[in-house]
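>>> A predicted structure for the sequence below; I have some questions about it.
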Amino acid sequence: MPVTRYRIAHPIPPRLDYPSASFALEIVKQRNEMIPVDEWVFRARRLNAGTTCVIASALAFRSRLEEALGHGFEVEVDTPSARIMERLVRDGIAVEMRRGRG
């Protein structure tokens, strides 16, 4: 599946509001679903619905996730995560990176 590479350029807002829904943007520690280890995730949690989408993750240390957010991470195109990232780009929080840059 195609991916787009983004980086977070400014502080992440705690919330994104749309006409039909609001999302909390969070960095949280959770148990990895595949292997028995903790991971840090950057996710969007839909308020009043309880659903979440993970945008980026890193195993073991929060600093690894923060480094990825600042230097670049990939998001699959046409996913809820991609739509959140497109909004963050429009709002000036994130930057879509060109291919070949890291």
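Sure, I can see it.

>>> Centre-most residue in the protein?
The geometric centre of the chain, computed from its C-alpha atoms, lies nearest to residue 55 (C-alpha atoms, centre = their mean), at 3.0 Å.

>>> Just give me the neighbour total for residue 2.
As a burial measure, residue 2 scores 8 neighbours (other C-beta atoms under 10 Å). C-beta coordinates here come from the backbone N, C-alpha and C atoms, glycine included.

>>> Sheet partners, orientation included, of the helix or strand where the residue nearest to the centre of the chain lies?
Element membership for residue 55, per DSSP states H and E: strand 52-59. Strand 52-59 pairs in its sheet with strand 38-46 (antiparallel), by DSSP bridges.

>>> Which per-residue confidence value corresponds to the residue nearest to the centre of the chain?
Predicted confidence (pLDDT) for residue 55: 97.

>>> Also residue 48?
87.

>>> again, but for residue 100
For residue 100, the predicted pLDDT is 52.

>>> Now do the strands in this protein.
3-8, 15-17, 22-31, 38-46, 52-59, 73-76, 94-96 (DSSP state E).

>>> that older thread, can you give me the separation between the residue nearest to the centre of the chain and residue 89?
Computed as C-beta to C-beta, to the nearest Å, the residue 55 to residue 89 distance reads 13 Å.

>>> pLDDT on stretch 69-76, on average?
The model assigns stretch 69-76 a mean pLDDT of 96.

>>> now residue 61: how far from residue 37?
In this structure, residue 61 and residue 37 are 11 Å apart, going by C-beta to C-beta.
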